[in-house]
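Peer 1: Next one to model:
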Amino acid sequence: KIRERHCFIGRGGRWGWALHAAMAIHFVMLISRQGKVRLTKWYSPYNAKEKTRTTREVSAMVLARQQKQCNFLEWHDQKVIYKRYASLYFIMC
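Peer 2: Residues are numbered from 1 along each chain as shown. Okay, here's the model as predicted:
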């Protein structure tokens with residue numbers, strides 16, 4: 001979820017009110033190239049069914065992408081960022 005708050009900022013010599021959005025990390029996953037989950041850490045409240053579904057959907061999206069495609073994805077109005085290192089995918093949302 002994006003938490004919104006108004007703050008008084010200065011930009012380019014001008015001061016004024018602006019909308020400031022603070023983004024939170026919802027989860028971190030480590031998944032092997034074969035699709036086996038190695039680690040998950042949840043920072044937002046998900047029940048067991050949601051965790052299973054989220055893990056399955058996000059890992060399927062990431063594993064289906066080509067190697068030269070962008071590492072940023074849109075998923076349920078959230079940003080998913082992943083990076084492959086050796087045989088693991090590091091995924092954050």
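Peer 1: Okay, buried residues for stretch 54-71 please.
Peer 2: Across stretch 54-71, burial judged by 16 or more other Cβ atoms under 10 Å covers 54, 55, 58, 59, 62. Placement of C-beta: from N, CA and C, glycine included.
Peer 1: Secondary structure class of the second one, three-state.
Peer 2: Right, the one you point to is residue 55. With DSSP: H, G, I helix; E, B strand; the rest coil as the basis, the three-state label of residue 55 is helix.
Peer 1: same check, this time on the third one
Peer 2: Recorded secondary structure, residue 58: helix (three-state DSSP).
Peer 1: didn't it look like it was pressed against residue 81?
Peer 2: No: counting by Cβ atoms under 8 Å, residue 58 does not reach residue 81; the two are 11.0 Å apart.
Peer 1: For this protein, which segments are assigned as strands?
Peer 2: Under the criterion DSSP state E, strands of the chain are mapped to 2-11, 14-23, 27-32, 37-42, 72-75, 78-85, 88-92.
Peer 1: Quick check, pLDDT for residue 10.
Peer 2: Looking at residue 10, its pLDDT stands at 48.
Peer 1: now do residue 66
Peer 2: What the model reports as pLDDT for residue 66 is 93.
Peer 1: Perfect, that will be all.
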